[in-house]
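**Q** please work out how this folds:
(2 chains)
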Amino acid sequence: MKRKTVTILIIVLLLSVGLIWAGAGKEAPAAETAKEGKYGGILRKAFFAPTSLDPAFTASITDDEIARFWADFLVYVDEGLIPDQGRSLAEKWAVSADGLTWTFTLRKGVKFHNGEELSSKDVKFTFDRLRDPEVGAATVAIYAGIDSIETPDNYTVVFKLKQPNPDLLTNLGDYHAPILWSGTKDPQAEQIGTGAFIVDAYLPEDRMTFKRNPNYWRKDAEGNQLPYVDGMEYLFLAEPSAQVEALRGGQVDYLIYLPAEYVQTVEDDPNLVVYQKPSNTHYVVHMRSDRKPFSDVRVRQAFRAAIDRKEILDGAFEGLGVTGRDTPFGPAYADFYLDIPELPRDLAKSKRLLSEAGYASGLTITLSAQQASPVPAMATILKEQLADAGVTVDIQLVPPDVYYGADNLWLEADFSITDWGARAAPQNYLDLAYTCDAKWNESHWCDPEIDELAAQAAVEADRAKRAEIYKEIQRIMIDSGPILVPFFNNSLWGASKKLKGIIPTGYLGTAVDLAVVYFEN
Amino acid sequence: MSAGGALLESVADARIKAARKVSRFTASWRRLRRYPATLVGFFIVGFFLMMALIGPLVAPYGYSDQALSERFQPPSGQHFLGTDRFGRDVFSRILVGSRDVYVVAGSGTLVAVLLGLTLGLISGYFGGLVDEILMRFIDVLLAIPPLLLAMIILFSLGPSRINVILVVGFLYIPMVSRVVRSVVLDLKTRQFVEAAKLRGESSLYIMFREIFPNVLPPLTVEASMRFSYAIFLVASLGFLGLGVQPPSPDWGLMVGEARTYFSQAQWALLGPAGAIAVLVVGIGFMSDGLRRMLLPGGVSQ
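**A** Okay, the predicted model is just below:
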C-alpha cells in the first residue's frame, strides 16, 4: 500500500477511536456526595413509562410508584398489612360500636406542594371522586359500601358505611387513594399532593424528575426532616435488560421488580446489591370454567394433579419464593392462610381424570402468555409438565399491551397466565376475581358457595372466625377451583451499594419508602 | 472430403464438444479447488442441510427435553454445548433448529426468487410504463429498513411461521428482481432473441425458453446470497420473539432467551449465535464459489 494511503488510514483510525472514547465518556453525572450526614444526592431509577398520572386510574406499577412520591395516604397500610399511623395523614381514627361510623382526625400543619394546608375537604374530594361511578375509577366497587363522607370541621372526616367493614382501613389505604388537593382540576396534568417529592418535569417517553419537598411533614427518629435526597430522576426504560444495564453502568441507583434471571448478574457486581422480601405477588394460570374443556371439574383437577409447582418456581423464578396451593391466599396472610403440604403431582390420577372426562386420547389447548418475565418461562415449563399427562399445550406469546389491551385477551382466553400483585387483604382478590359477578373474573368461575362465604367474610369482624371462612374457601378452591397458582414470589430490588436505608416490603413490592433512603459517601 | 472422412470429422467434433463440456466442468472444479474457503462453505451448508433433514434423529437429546436439576451446566461430555435455563441440551437444540432455519429462510428465499424472477423478467422484457411502475414500487420497498418493515407487517398480520416466510419473501423481491432485470435488459437485444421474435414466438416463450436459461446462473448466485440475508433476518425476528413460539429451537429465539442470563450460561447464547454466524459465512463462501463456477466471466457473459 502506498505510504499516503497508510497515513490517511491511520489518521481515520485515530479519529474514530477518539470519537468513540469521547462519546463513551459522556454519562449522566454520578450522584453528588452527601453534603451533611445523610442529606444530598439525586436518586435515579429506571422503569416502564407510566400509563396514568391520575392515581384514580393507576393501572401499572409505575403509576402506583409515581403517585407515592408526590402524595400521601389517609391511612398508610404497611407491609404487615397493618395501618401505620406514623405514615398516615390521619393522626388517629375510631370506629363506632355498630361498625358503621368511622371518624378520622387529620394531622395539623401538613402543607400541599402549593402551600395550602391539608384539611378534611381534600379527603372528601379524593374519596368522593374515587367512589363516583361517573368518574369511573377502579375503586368504585371497593368503596361502594361507603354511604357518605362528612367533614364536620377542618381536621375531622367521618365515613358513614352501609354495613360494617372490618377492612375499611386497608381499603382506604388502597393504592388508588392517595390524597389530592381539592382544588385539582385535572389530575392527569397536575400532581399536587403532600408527598416527599414535588413533581418538577414530566417528559413523556423520556423521564420524570422530582424535587425534594422542603416542607414535608414527616421526620426521622432524630427529628430531622425527610426526605434525605435532593431529588429524584425516574427514567423510562421499557426493557428489563436496559434497566439492568443502566444499573450496572451507574446511570441509575435503584431498580424495582428485578426479574429473577438477573439476580445472579446483579449479585455478581461488586458495586450492587439485591434486596428480597417474600410477598403475595403471584401468577394465576386460569382455566376458563364456563366452557369446554375446563367446564368439567375433572379436567381442572387433572391439570392440578399434573403440575409440579416447585419445578416451576425453581425454573422460572430461580426458587426465590414459596410454592402456591392454587388459591390467591399465600403465607403472607398469616393466620388466614391454609397451611397444608405441597399439592402432590400424580400423573396417574391426572390421566384417569382426563380419560373420565372424555379426553383419553389427549387434549390440545392454547396457552396465552404475555411476553414479560417470568411468564414465558412458566409457560415453557408448564407445557412440558402437562405433556406428561397427555395434554398438548400450544404456547401463544403476546406483548403485555396486547394481553391487557382493548380486546382484553386475559379475560377471554381459555387458558392463560396473569400476574396478580400483592393486595392488602385477601378479600380484595375474592371481590375482584373469584365471585360470580366479579369485574375481573378472568376464569369465569361461578360457585355460589364461594360467593356466600366471601360475603360472610367481608363483614366478619372476629379475626378467628374470618380465618375459618377463608380456609374453607381455600379448601373449595383446591378441590374444584379454576386456577393454578404455582408460586408466590419474593419482591426483588437491585440497588447501588451506596444507597442505604432501603427497607424491602412485601406489599405491592414497590412500596419502598424512598423518603428514608440516603447516599453514603 | 469423402463421406467417410466427413463422418470421422463429425465424430471427432462430437468428441471434442463432449470433452469441452467435461473439461469446462473440471476446469470449474479445478478453479474451485484453489479456493478452499468455497469448499468449507459447501461443507457447512451441506452439514446444516443434513441436520435439517435428520437432526431430530441424530441429536443426543430431544429439543424440548427439560431437566430442571441440570440447569446452566457448562459444556461437558454429557452436554457438548452445555444446557440452558431449563436444562435443555444446547447442542441438540441447535441441530434440530437447523430445520426451522432451512424451512423458513429457505422458503422465504424461494418466494423472493420466484416472484422476483417473474417481476424482473416482465419488467426487463417489456420495458416502458410497466417497467417504470414496477421499478418505482421496488424502490419504495428498498427504501424501508427491512427489519422495521418485517416487524410492522408481522404485528399487523399476526406472528406465525407462514407469515414470516411471506414477509421474508416479500422483502427480498426487490434485490432479486433488479438482478434479473439487468440481465434481461442486456439479453433482450441479443441476436437469438431477435431471431425468436422474427419466428413469431410469443413473449412468454421468449421470456421463459430463451432468456430465462441465461438468467439462471446470476439468479442462482443472487439466490444464495439472499438465503444468507434471509437467515439473518429470520434470526433477528426470532430474537425479537416475532413469528416463533417457545419452545421452538429457533436460533434467534435461543439467543434472545439466553441474553437475560448470559452471565450464568454464556454457552446458551454463544452456541446459537455461533451457529448463525457459521452458517451465514458458510453460505457466503458458497455463493462466492457458485459465482466462480457459474459466472467465470462476470455477471453478463
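**Q** could you use CA atoms for every contact and neighbour count after this?
**A** Will do.
**Q** which residues of chain B lie near chain A?
**A** Counting by CA under 8 Å from any CA of the partner chain, chain B comes close to chain A at B:64-66, B:68, B:85-86, B:245-247, B:260-261, B:263-264.
**Q** mind putting those in a markdown table, secondary structure included?
**A** Shown next, in a markdown table, are the residues of chain B next to chain A (DSSP: H, G, I helix; E, B strand; the rest coil):
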| residue | secondary structure |
| --- | --- |
| B:S64 | coil |
| B:D65 | coil |
| B:Q66 | coil |
| B:L68 | helix |
| B:R85 | coil |
| B:F86 | coil |
| B:Q245 | coil |
| B:P246 | coil |
| B:P247 | coil |
| B:T260 | coil |
| B:Y261 | coil |
| B:S263 | coil |
| B:Q264 | coil |
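**Q** and those residues, which are buried?
**A** B:S64, B:Q66, B:L68, B:R85, B:F86, B:Q245, B:P246, B:P247, B:T260, B:Y261, B:Q264 (16 or more other CA atoms under 10 Å in any protein chain shown).
**Q** my read: the fourth one touches B:F72, true?
**A** Yes: taking contacts as CA atoms under 8 Å, B:R85 lies within contact range of B:F72: 5.6 Å.
**Q** can you give the contact residues for stretch A:39-50?
**A** A:31-34, A:60-63, A:204-205, A:207, A:228-240, A:243, A:246, A:251-256, A:518-519 (CA atoms under 8 Å, 6 or more residues apart in numbering or on different chains).
**Q** nope, stretch B:236-256 is what I was after
**A** By CA under 8 Å, 6+ apart, stretch B:236-256 touches A:376, A:380, A:395-397, B:63-64, B:93-94, B:96-97, B:100-101, B:147, B:151, B:154, B:158-161, B:163-164, B:234-235, B:257, B:268-270, B:272-273, B:275-276.
**Q** of these, which belong to helices?
**A** Counted as lying in helices by DSSP state H, out of the contacts of stretch B:236-256, are A:376, A:380, B:93-94, B:96-97, B:100, B:147, B:151, B:154, B:161, B:163-164, B:234-235, B:257, B:268-270, B:272-273, B:275-276.
**Q** which bits of the stretch 101-250 of chain A sit near chain B?
**A** So far as CA under 8 Å from any CA goes, the stretch 101-250 of chain A lies against chain B at A:S241.
**Q** that older thread, how about the residues of chain B next to chain A in TSV, adding pLDDT and distance to A:L411?
**A** Conversion of the residues of chain B next to chain A to TSV gives the following (pLDDT from 0 to 100; distance: CA to CA, whole Å):
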residue	pLDDT	distance to A:L411
B:S64	92	29
B:D65	92	31
B:Q66	92	30
B:L68	88	31
B:R85	92	30
B:F86	94	29
B:Q245	88	21
B:P246	90	22
B:P247	93	25
B:T260	84	29
B:Y261	87	32
B:S263	83	37
B:Q264	86	36
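**Q** now do the SS call for A:E468.
**A** Relying on three-state DSSP, one would call A:E468 helix.
**Q** show me the contacts for it.
**A** Per CA under 8 Å, 6+ apart, neighbours of A:E468: A:F336.
**Q** tell me how many other residues surround the closest residue in space to A:D290 that isn't next to it in sequence.
**A** Nearest non-adjacent residue to A:D290, counting by CA to CA, 6 or more residues apart in numbering or on different chains: A:H444, 5.8 Å away. Neighbour count for A:H444, taken as other CA atoms under 10 Å in any protein chain shown: 23.
**Q** kindly list the main-chain dihedrals of A:H444?
**A** Recorded main-chain torsions at A:H444 are phi 50, psi 40, according to degrees, to the nearest 10.
**Q** just the pLDDT for it.
**A** Looking at A:H444, its pLDDT is 95.
**Q** could you do B:H79 as well?
**A** pLDDT, read off for B:H79, is 94.
**Q** now do the one 5 residues further on
**A** Model confidence at B:D84, expressed as pLDDT, equals 94.
**Q** where does chain B dip in pLDDT?
**A** B:1-6, B:9-10, B:14, B:17-29, B:31-32, B:297-301 (pLDDT under 70).
**Q** which parts of it are strands?
**A** In chain order, chain B shows no strands, with DSSP state E as the criterion.
**Q** excluding chain neighbours, what is closest to the spatially most central residue of it?
**A** Central residue of chain B (CA atoms, centre = their mean): B:F227, 2.3 Å from the mean position. Excluding the flanking residues, the one nearest B:F227 by CA to CA, 6+ apart is B:T109, at 5.6 Å.
**Q** now swap in A:T184 and tell me
**A** Using CA to CA, 6+ apart, the closest residue to A:T184 is A:E190 (6.8 Å).
**Q** the one you found and A:V199, how far apart?
**A** For A:E190, the distance to A:V199 equals 9 Å [CA to CA, to the nearest Å].
**Q** so which of the two has more stuff around it?
**A** Under the criterion of other CA under 10 Å, the comparison of A:E190 against A:V199 puts A:V199 first, with 23 against 14.
**Q** mind listing what that one touches?
**A** A:V199 neighbours (CA under 8 Å, 6+ apart): A:W70, A:Q191, A:M208, A:T209, A:F210, A:K211.
**Q** beta partners of it?
**A** With DSSP bridges applied, the residues forming beta bridges to A:V199 are A:F210.
**Q** element containing the residue nearest to A:T184?
**A** Using DSSP states H and E, A:E190 falls within no helix or strand.
**Q** how much space separates it from B:T189?
**A** 73 Å.
**Q** that older thread, quick one, what contacts the residue nearest to B:F227?
**A** Contacts of B:T109 (CA under 8 Å, 6+ apart): B:V168, B:G169, B:Y172, B:A223, B:R226, B:F227, B:A230.
**Q** just to check, the third one is in contact with B:L110?
**A** No: with the criterion set as CA under 8 Å, B:Y172 and B:L110 do not qualify as a contacting pair; they are 9.9 Å apart.
**Q** of the two, which one has the most company?
**A** B:Y172 (27 against 20).
**Q** what's the closest non-adjacent residue to that one?
**A** The shortest distance from B:Y172 to any non-neighbouring residue, by CA to CA, 6+ apart, is to B:A112 (5.4 Å).
**Q** go ahead and confirm the one you found touches B:V168.
**A** Yes: counting by CA under 8 Å, B:A112 sits close enough to B:V168 to count as a contact (7.5 Å).
**Q** could you tell me which residues of the stretch 301-450 of chain A lie near chain B?
**A** Checking the stretch 301-450 of chain A against chain B by CA under 8 Å from any CA, the hits are A:E311, A:D314, A:G315, A:P376, A:T380, A:I381, A:E384, A:I395, A:Q396, A:L397.
**Q** turn those into TSV, including pLDDT and neighbour count.
**A** As requested, these are arranged in TSV below (pLDDT from 0 to 100; neighbours: other CA atoms under 10 Å in any protein chain shown):
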residue	pLDDT	neighbour count
A:E311	95	22
A:D314	94	20
A:G315	93	24
A:P376	94	24
A:T380	95	24
A:I381	96	24
A:E384	95	18
A:I395	94	23
A:Q396	92	19
A:L397	91	25
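**Q** farthest pair in those residues?
**A** Pairwise distances among those were taken by CA to CA; the largest, 22.4 Å, belongs to A:D314 and A:Q396.
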